[in-house]
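>>> With the sequence up front, the predicted model follows.
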Amino acid sequence: MVTDMRKKKIKRKEASTGAASKGFSLIEVTIAMGLVFFILAGLAQVMSYSLLIKQKADIHRLAADIFSNQLERLKSVGLDAPDLSPGLHQMTVNDADSGKIFQLDWEVMDVNNNLKKIHLSLYPVSSRQKPAGVRATMYFSRHLNF
């Protein structure tokens with residue numbers, strides 16, 4: 001019984017001094033929090049970059065659809081149509097799926113009597129300055145009918 005009392009006193013003494021206590025020190029917690037913050041900051045940056053890339057991919061997909069429709073329309077009117085006369089032409093395109101409005105420009109140049117070169121560019125109307133947008137180039141041949 002005496003030894004049990006001594007063991008209890010020793011345990012109380014160790015608990016009060018912290019020699020036998022288990023847990024994390026302030027430095028360990030600070031380092032762990034720093035690592036978590038560093039990882040979360042990197043993850044936030046990657047997520048914001050992926051959202052930007054997705055937005056650009058959506059614009060390029062819309063541009064490809066609009067370019068395809070415009071080129072099919074231009075092919076159907078023939079090489080002598082007013083829309084394929086040399087010079088700069090413009091058109092506002094409202095995409096029904098996304099609800100976005102774009103400015104479509106196409107510049108027609110005669111390479112020779114049988115060949116026309118068309119530069120297409122598309123950019124959102126909502127922006128105040130004309131951004132780089134999306135561009136494509138197409139050649140129409142009188143002999144090939146495309």
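Happy to help now that I have it.

>>> what does the average pLDDT come to for stretch 46-58?
Rounded to a whole number, the mean pLDDT of stretch 46-58 is 93.

>>> Check the model's average confidence along the helix or strand containing Phe102 for me.
Applying DSSP states H and E as the criterion places Phe102 in strand 101-112. Per-residue pLDDT over strand 101-112 has a mean of 91.

>>> With stretch 73-89 instead?
87.

>>> Can you get me the start-to-end distance on that stretch?
Distance between the boundary residues of stretch 73-89 (CA to CA, to the nearest Å) amounts to 14 Å.

>>> what sits up against the strand holding Phe102?
Residues outside strand 101-112 that contact it (CB atoms under 8 Å, 6 or more residues apart in numbering): 62-63, 66, 70, 74, 84-95, 116-126, 139. Heads up, the C-betas are built off the backbone N, CA and C, glycines and all.

>>> now the helices for this protein?
In the chain, the helices defined using DSSP state H lie at 2-17, 26-77.

>>> and of these, who's closest to Val134?
helix 26-77 (3.8 Å; CB to CB).
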